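Chemist: What follows is a predicted protein model with its sequence.
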Amino acid sequence: MHINDYHAHIYYNKDTLLRAKELVQVISEKFDVEIGKMHEKPVGPHPMWSCQILFTPNQFSLITQWLIINRNGLTIFLHANTSNDLLDHTEHAIWMGEIVPLDLSIFEK
């Protein structure tokens with residue numbers, strides 16, 4: 001199975017929105033990554049507001065280590081992208097902080 005890239009989803013709510021915006025800003029300045037929209041509603045399988053950070057396999061170690069130390073109490077859901085969405089959001093995933101149940105029904109055929 002080939003890993004195409006990774007997504008780190010930063011989770012937040014109205015009380016932690018400012019903290020999340022600050023974290024995303026620092027990430028965008030520090031790393032050459034693709035930053036998604038900061039959603040203020042659940043999107044896809046994500047049950048909370050979130051922002052997606054896309055990065056390459058070569059960046060995995062550096063970015064993951066940085067997020068562990070600098071997530072500032074926010075929950076981060078990090079997963080591989082292998083073209084198998086269900087496995088990527090279950091077996092190929094790492095949680096930093098609280099584990100939040102995902103809506104996996106969107107991956108059912």
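Modeler: Structure's in. What do you need? Numbering: from 1, shown residues only.

Chemist: Every contact and neighbour count from this point should use C-alpha atoms.
Modeler: Fine.

Chemist: Assign Ser50 to one of the three secondary structure states.
Modeler: strand (DSSP: H, G, I helix; E, B strand; the rest coil).

Chemist: and it, how many neighbours?
Modeler: 26 (other Cα atoms under 10 Å).

Chemist: Contact partners for the residue lying closest to it once chain neighbours are set aside?
Modeler: Nearest residue to Ser50, sequence neighbours excluded (Cα to Cα, 6 or more residues apart in numbering): Tyr11, at 4.5 Å. Applying Cα atoms under 8 Å, 6 or more residues apart in numbering to Tyr11 gives the contacts 20, 48-51, 74-77.

Chemist: element containing Tyr11?
Modeler: Using DSSP states H and E, Tyr11 falls within strand 5-12.

Chemist: ok, Met1 to Ile76 distance?
Modeler: According to Cα to Cα, to the nearest Å, Met1 and Ile76 sit 24 Å apart.

Chemist: quick one: which of those two has more around it?
Modeler: Ile76 (25 against 6).

Chemist: Now for His92: which residues touch it?
Modeler: For His92, the contact set (Cα under 8 Å, 6+ apart) comprises 79-80.

Chemist: which residues are in contact with the helix or strand containing Leu62?
Modeler: Element membership of Leu62, judged by DSSP H and E, is helix 60-70. Residues outside helix 60-70 that contact it (Cα under 8 Å, 6+ apart): 6, 23, 31, 96.

Chemist: So which of those residues belong to helices?
Modeler: Taking DSSP state H as the definition of helices, these contribute Leu23.

Chemist: List just the nearest of the contacts of helix 60-70 to Asp85.
Modeler: Of all the contacts of helix 60-70, Tyr6 has the smallest distance to Asp85: 12.0 Å, by Cα to Cα.

Chemist: Tell me how many other residues surround that closest one.
Modeler: As a measure of burial, Tyr6 has 22 neighbours, counting by other Cα under 10 Å.

Chemist: same question, Pro57
Modeler: By other Cα under 10 Å, neighbour count at Pro57 equals 12.
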